[in-house]
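Participant: Sequence and predicted structure, then a few things I'm wondering about:
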Amino acid sequence: MGKDNVTVLCNCATDEMVKDEALMDIVTTRKVIEFMEELCEREGYPKEVLTDNGAQFKSKEMEKYLSERSIDHKRVLKGKWEEEAWKERKGKCDDEAWKERKGKCEEEAWKERKGNCEEEAWKKRKGKCEEEAWKKRKGKCEEEAWKERKGKCDDEAWKERKGKCEEEAWKERKGNCEEEAWKKRKGKCEEEAWKERKGKCDDEAWKERKGKCDDEALKERKGNCEEEAWKERKGKCDDEAWKERKGKCDEEAWKERKGKCDEEAWKERKGKCK
């Protein structure tokens, strides 16, 4: 019960009041005030109250209580309290029925709206999931196709490269073999030519050396012969010259000695003669 609501106090107006009245042995003004105080503390004071024409509601104590709290007091007409109670009860029933019906409608509408929202969300989510799954599957298919295509290209490129490498290797190997064979053949030819040339050179050198040796031997022999002849001739010349010189020396020495002897003999003789 809010401040804008009306509190109806009667002997048998509502089920709630009947239950509360059942706790009272005698309905007096004091008990009604206590009941109102308890109710107002919980719900707040109303602007007005509607009661029947019972003595407990018409007393001065009740009027004073309501006046002090600025609560407008209205009473039903005599003989009309049942009609007013019925209208109030009917209004409450209609209000409850309307609320219940409204609640059901709102609940149904909410359920329908919720169902629609969930369905839309599910469809949207399903669409996203399907789109993601499709993209994922498409991506996998494209990736597989790309890998397959790349594999084929790599395979073809590898075969082409392998073929080129094998061809180059074959050419290189062939070239190496031909070069080795040529070198080997060239080496043999050069070796044979060298042997042949060497043989000729050795033969020529031997002949030349032999000739030189013969020439040197001849010269040496000739020189020896000339040296011996020269020595022999020189010896003869020296012997003759020595003899000639010796003869001269002996002659000069004899003459000198003879002169000295003659001079000494003359001086000695001359001295003796003086």
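Facilitator: Structure's in. What do you need? The model shown is predicted, which means the values in this text are computed figures rather than measured ones. Numbering: from 1, shown residues only.
Participant: Every contact and neighbour count from this point should use C-alpha atoms.
Facilitator: Fine.
Participant: which SS class is V27?
Facilitator: V27 carries the three-state label coil when classified by DSSP: H, G, I helix; E, B strand; the rest coil.
Participant: Could you identify the helix or strand that succeeds the lowest-mean-pLDDT helix or strand in the chain?
Facilitator: Using mean pLDDT, DSSP states H and E, helix 15-21 stands out as the lowest-scoring helix or strand of the chain, at a mean of 41. Reading on from helix 15-21 to the C-terminus, the next helix or strand found by DSSP states H and E is helix 29-43.
Participant: From the contact counts, what lies against that following helix?
Facilitator: Using 3 or more CA pairs under 8 Å, 6 or more residues apart in numbering; DSSP states H and E as the contact criterion, the neighbours of helix 29-43 among helices and strands are helix 55-58, helix 60-68.
Participant: what's the following helix or strand after that helix?
Facilitator: If you walk from helix 29-43 toward the C-terminus, the next helix or strand you reach (DSSP H and E) is strand 48-51.
Participant: which helices and strands does that following strand pack with?
Facilitator: Using 3+ CA pairs under 8 Å, 6+ apart as the contact criterion, the elements in contact with strand 48-51 are strand 7-9, strand 72-75.
Participant: In that strand, which residues are buried?
Facilitator: Across strand 48-51, burial judged by 16 or more other CA atoms under 10 Å covers E48, V49, L50, T51.
Participant: What distance do you get for K136 to A121?
Facilitator: Here the distance between K136 and A121 works out to 21 Å (CA to CA, to the nearest Å).
Participant: quick revisit: looking at the helices and strands packed on helix 29-43, which is buried most?
Facilitator: Mean neighbours per residue, mean count of other CA atoms under 10 Å, is largest over the helices and strands packed on helix 29-43 for helix 55-58, with a mean of 16.
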